[in-house]
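Q: from the sequence below, what's the structure:
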Amino acid sequence: MHHPNGRSRRHLLGLIGTIAAASLLLVGCASGGSGASGSGSKQELVIGSQMASLPSLDTGAITSAGYEGQRLIGNLVYEGLTKRDVSDPDKPAGVGPALAKSWDVAADGLSYTFHLQQGVSFTDGTPFNADAVLYNIHRYMDKNDPHYDPQLITYYTVLTYVKDVTKVDDDTVTFALNQPFAFFLADLYNVYFASPTSLDKDGSAGQAKKPVGTGPFVFDSEQANQSISFTKNTKYWGKVPKLDRITVDLIPDPAARTAALRSGRVDWIEAAQPDDFASLKAAGFVTTGNSFDWEWSWQLMTTQKPFDNILVRQAMNYAIDRETIAKDLLHDTATPAYQMMAPASPYYDKANDIYSYDPAKAKDLLTQAGYPNGIDITVGYITSGSGSMQAKAMNEALQAQLAKSGIRVTLDPVDFAGMYAKLGAGNTGWQAANQAFSLEQPSSWGWTMGCDTSLFGYCNQDFQKLWQQALTTTDDTERAKLLTEAGGVETKDAGWMYVVNDTAPRAMSASVKGYVQPKSWWIDFNGVYKG
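A: Residues are numbered from 1 along each chain as shown. Got it, this is the predicted structure:
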């Protein structure tokens, strides 16, 4: 039986084979508000992205660029049966209909029947129907399928719960599961569907270069590791976008992103620098942010000294001044994190906010643990990319704070690909790693916290039991209680050093209209326009 371990080590090893590493500093040139890389259309939106390299464009492989790859590329071209519902900016993302307009769930949780949207076509004119669903699912799961790619299933852990898929009629399919899985609907959001005609003609290699989906935008062009462009799908089955074109420029350096926005080269930047917020506002730019369950932390390698000792892990959490980092360094574009769950999470309980800034207590805990003279550790951190925030400045601030408690830190900066290559190989030379990730999908917690699947060695059987029970609990209230309790266990265990929760700060030209920042990493561009 498959154990619900979320993204396992196998998943991350799959990532390593597909992530292309590159660092590129792009400097802007003035071009008005429309951006130099596009067609000059009044309704072109040019976005400055944190990504350092473009992923393969074949469905699940887009995930190799992280959530930014999904929200700025994948979700434009492709769709799943479900989607993240971010229609209410005051609530965490829920599950909404996409290519499936509705569904029925069997009482035992082992069968899901999806009623498909009618009149939907892929952008090459191929009908989307039950046959197209089966074609894609078989491609992901059947090793004998001519278009099977072993990498893709590593991004779609949700499909390991699927026993088989059957066609009821042209507009209805049923998924039979091998065990109940409470997050089945939620995790289908990025199981993307590609055109069977396109795959039959050009195969996976063709899809990776020129994707064909059902999404609101159509792939147009790509400049290798520089930019990628999409045009409006005028025959889109849902709400047709107002924008005629979206171009995503890769600008991993945050200062260069700000310069590109000021010059008019781009209209919108991801991960705007906190230091620039006030001046950007004063210059007439729009800044946005919203709390959501994004965790920026150090993941402590609990099977290695000194972090095999819980007292040392707890000392780390008393030795840092989160408020100063959130307020003075990040200018309130993040909030202090005192536990595993962010306040924006449905699983947050304030009672689990158990840490504070107390260097004296940190020193005392180190002494109790047998380290009266402090400790020396090396920490690897991702320099840029999806969710990295202001990684260099933040890690250097933490390094200085920890030194006051006798915790001497050597920082080892790596790019996105380098981080996962080292973690996958299991020979990092680090005692901790810094990266940021969303806890919006509890099914994916395994790669950070699951016994036998955590890349950082963390294993607490009490946490494991609560988490796995939650994954098969269909009652929403009871499941939330289990996950809240699991978060409390992990927090007391100090599996991470909890630092801040991001608010996804963005900045954009005042000409960008119709955008409301959700409590999620997901973005819906269909209502965005320039005016």
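Q: all strands for the stretch 201-350 of the chain, in order.
A: 217-223, 227-232, 245-250, 268-269, 286-288, 294-300, 334-336 (DSSP state E, counting those that start in this stretch).
Q: parallel or antiparallel, which strands does the shortest one pair with?
A: For strand 268-269, sheet partners with direction are given as strand 44-49 (parallel), strand 506-508 (antiparallel), following DSSP bridges.
Q: one more: the second one?
A: Looking at strand 227-232 with DSSP bridges, its paired strands and their directions are strand 217-223 (antiparallel), strand 245-250 (antiparallel).
Q: what's in contact with that strand?
A: Outside strand 227-232, the residues within contact range by Cβ atoms under 8 Å, 6 or more residues apart in numbering are 37-38, 54, 73, 76-77, 216-222, 240-241, 243-250. C-betas here are computed from N, CA, C, even on glycine.
Q: tabulate the strands paired with strand 268-269 (a markdown table), appending mean pLDDT and distance to Tyr135.
A: Putting those into a markdown table (pLDDT from 0 to 100; distance: least, Cβ to Cβ, whole Å) gives the following:
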| stretch | mean pLDDT | distance to Tyr135 |
| --- | --- | --- |
| strand 44-49 | 97 | 31 |
| strand 506-508 | 96 | 37 |
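Q: pull the helix or strand hosting Arg139 out as PDB, backbone CA atoms only.
A: Using DSSP states H and E, Arg139 maps to helix 130-141. Taking C-alpha atoms only, helix 130-141 is exported to PDB below (Å, rounded to 0.1, in the frame of the first residue of the first chain):
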ATOM      1  CA  ALA A 130     -13.100  11.900 -21.200                       C
ATOM      2  CA  ASP A 131     -10.700  10.300 -23.800                       C
ATOM      3  CA  ALA A 132      -8.300  13.200 -23.400                       C
ATOM      4  CA  VAL A 133      -8.400  12.700 -19.600                       C
ATOM      5  CA  LEU A 134      -7.600   9.000 -19.900                       C
ATOM      6  CA  TYR A 135      -4.900   9.700 -22.500                       C
ATOM      7  CA  ASN A 136      -3.000  12.000 -20.200                       C
ATOM      8  CA  ILE A 137      -3.400  10.000 -17.000                       C
ATOM      9  CA  HIS A 138      -2.200   6.800 -18.800                       C
ATOM     10  CA  ARG A 139       0.700   8.800 -20.100                       C
ATOM     11  CA  TYR A 140       1.700   9.700 -16.500                       C
ATOM     12  CA  MET A 141       1.100   6.300 -15.000                       C
END
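Q: now it: how far from the chain's centre is it?
A: Centre-to-centre, helix 130-141 and its host chain are 25 Å apart (Cα atoms, centre = their mean, to the nearest Å).
Q: circling back to that earlier point, looking at the strands of the stretch 201-350 of the chain, which is nearest to Val86?
A: strand 286-288 (13.2 Å; Cβ to Cβ).
Q: other SSEs contacting the closest one?
A: Helices and strands touching strand 286-288, by 3 or more Cβ pairs under 8 Å, 6 or more residues apart in numbering; DSSP states H and E, are helix 277-282, strand 506-508.
Q: hmm, who's touching the last one?
A: Meaning strand 506-508. Under Cβ under 8 Å, 6+ apart, the answer for strand 506-508 is 258, 261, 267-272, 276-277, 280, 285-289, 515, 517.
Q: same deal with the longest one?
A: Contacts of helix 277-282 from elsewhere in the structure, counted by Cβ under 8 Å, 6+ apart, are Thr258, Leu261, Arg262, Ala272, Thr287, His331, Thr333, Pro505, Ala507.
Q: now do that helix, average pLDDT.
A: On average, the pLDDT along helix 277-282 is 92.
Q: check which residues of that helix are buried.
A: Using 16 or more other Cβ atoms under 10 Å as the test for burial, helix 277-282 gives Phe277, Leu280.
Q: let's see the pLDDT reported for the nearest residue to Gly60 once chain neighbours are set aside.
A: Computed as Cβ to Cβ, 6 or more residues apart in numbering, the closest residue to Gly60 that is not its neighbour in sequence is Tyr155, at 3.5 Å. Tyr155 carries a pLDDT value of 89.
Q: pop out the phi and psi values for Tyr155.
A: Main-chain torsions, Tyr155, degrees, to the nearest 10: phi -90, psi -10.
Q: got the contact list for the residue nearest to the spatial centre of the chain?
A: In the chain, the residue lying closest to the centroid (Cα atoms, centre = their mean) is Tyr67, at 3.3 Å. Counting by Cβ under 8 Å, 6+ apart, Tyr67 makes contact with Ser386, Gly387, Ser438, Trp521.
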